[in-house]
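Chemist: My questions concern the predicted model and sequence given below.
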Amino acid sequence: MKFSDQFRASYAASSEVHRVRREAFLARMKASEQLKNAIETVVLFRNRWRSRKDARKRMKIRIQALASVRKTLDQATTMRAQNIQTVFNVALYLLQLDQDLAYFTTDMVQAVGDRRRAFVAKHEAVLLYEAAEDVPQLVGKQFRAAIAALSVPPEQVQLINAISSDLNRFWREHRDFLGTIRNVLAAHREHDALTYARALDTIKPLEVMHRAAELSQLLESLVQQLTAVGRLTSSPSAILTDIVRSNGGATLQKRNVA
């Protein structure tokens, strides 16, 4: 037998041994992961069942609140009550954001296996990053002008200011952590598979959940204050005043432009 034939035969045999060993290794890893996930499913069944039950109750309340706020926002938009519209636009955004966070939290609790939890965590971190960046802007200059025009009591404004400060603190403290996970998706989009795989290994779902819970609590507190503002501005006289003020301001602005 020629040397080249011997080399090819030896190489083929070596490759076959390597393939068999690799497949056996992957099979053991898969079996180990399946066993771990099966044990996790059994052990955490009761806690997950309770969590799912509580989530359904809270979701019903959120859906009712979303419908009510959206209806008010539609009416304010139609009547061109701009300040009321501004306040309820923020309220609706916060409720929608809180609902998305609730979905992620439920998915995280119900997720089986580290890979699935990391998958949920990476997308929740992106939402947290964008929300933490956007919400302080939503309660910025235009929102402040709106609550001032609606004659919101000073003590109510102080509470809103305190929550806004906490939201700014949350953004400062967690943007690096959340931004790092957000960059995982950038590695994926750049087709850098190795960087993407390494980044996924560093994601700690529990830490993402803790930050989601913190932001959700802040959002809930802000929604409560906006609900109180909504009650102050829900009377026919307050709505009429805002309509007149808003339309008068718009007419004056048009005159100035002309």
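Modeler: Now that the structure is in, tell me what you want to look at. Residues are numbered from 1 along each chain as shown.
Chemist: okay, CA-based contacts and neighbour counts for the rest of this
Modeler: Will do.
Chemist: Give me the most central residue, the chain.
Modeler: L127 (3.6 Å; CA atoms, centre = their mean).
Chemist: which ones are touching it?
Modeler: Residues counted as contacts of L127 (CA atoms under 8 Å, 6 or more residues apart in numbering) are L101.
Chemist: what about it, distance to M209?
Modeler: 12 Å (CA to CA, to the nearest Å).
Chemist: Can you pull out the low-pLDDT segments for the stretch 51-200 of the chain?
Modeler: 51-55, 185-191 (pLDDT under 70).
Chemist: All the helices of it, in order from the start?
Modeler: For the stretch 51-200 of the chain, the helices defined by DSSP state H, counting those that start in this stretch occupy 82-110, 114-138, 141-149, 154-189, 193-202.
Chemist: Give me the angle between the first one and helix 141-149.
Modeler: Same thing as helix 82-110. Interaxial angle of helix 82-110 relative to helix 141-149 (axes from the mean of the first three to the mean of the last three CA atoms, to 10 degrees): 120 degrees.
Chemist: Any buried residues in helix 82-110, and which?
Modeler: Neighbour counts using 16 or more other CA atoms under 10 Å place 82-95, 97-99, 101-102, 104-110 of helix 82-110 among the buried residues.
Chemist: Packing partners of it?
Modeler: helix 45-79, helix 114-138, helix 141-149, helix 205-232, helix 236-257 (3 or more CA pairs under 8 Å, 6 or more residues apart in numbering; DSSP states H and E).
Chemist: Pick the most deeply packed of those helices.
Modeler: Comparing these by mean neighbour count (mean count of other CA atoms under 10 Å), helix 114-138 ranks first with a mean of 19.
Chemist: Could you break this protein into its assigned domains?
Modeler: 1-43, 48-257 (automatic domain parsing).
Chemist: From what I see, F143 and V87 are in contact.
Modeler: Yes. The criterion here is CA atoms under 8 Å, and F143 meets it with V87 at 6.6 Å.
Chemist: hang on, the earlier thing: closest one to E155 among the helices and strands packed on helix 82-110?
Modeler: helix 205-232 (10.8 Å; CA to CA).
Chemist: Compute the inter-axis angle for that closest one and helix 141-149.
Modeler: Using the same axes, to 10 degrees: helix 205-232 against helix 141-149 is 30 degrees.
Chemist: what mean pLDDT would you report for helix 205-232?
Modeler: The pLDDT scores in helix 205-232 average 88.
Chemist: Which neighbouring elements make contact with it?
Modeler: helix 82-110, helix 114-138, helix 154-189.
Chemist: Could you dump those helices into JSON lines and include distance to D201?
Modeler: JSON lines is the format used below for the helices and strands packed on helix 205-232 (distance: least, CA to CA, whole Å):
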{"stretch": "helix 82-110", "distance to D201": "17"}
{"stretch": "helix 114-138", "distance to D201": "8"}
{"stretch": "helix 154-189", "distance to D201": "10"}
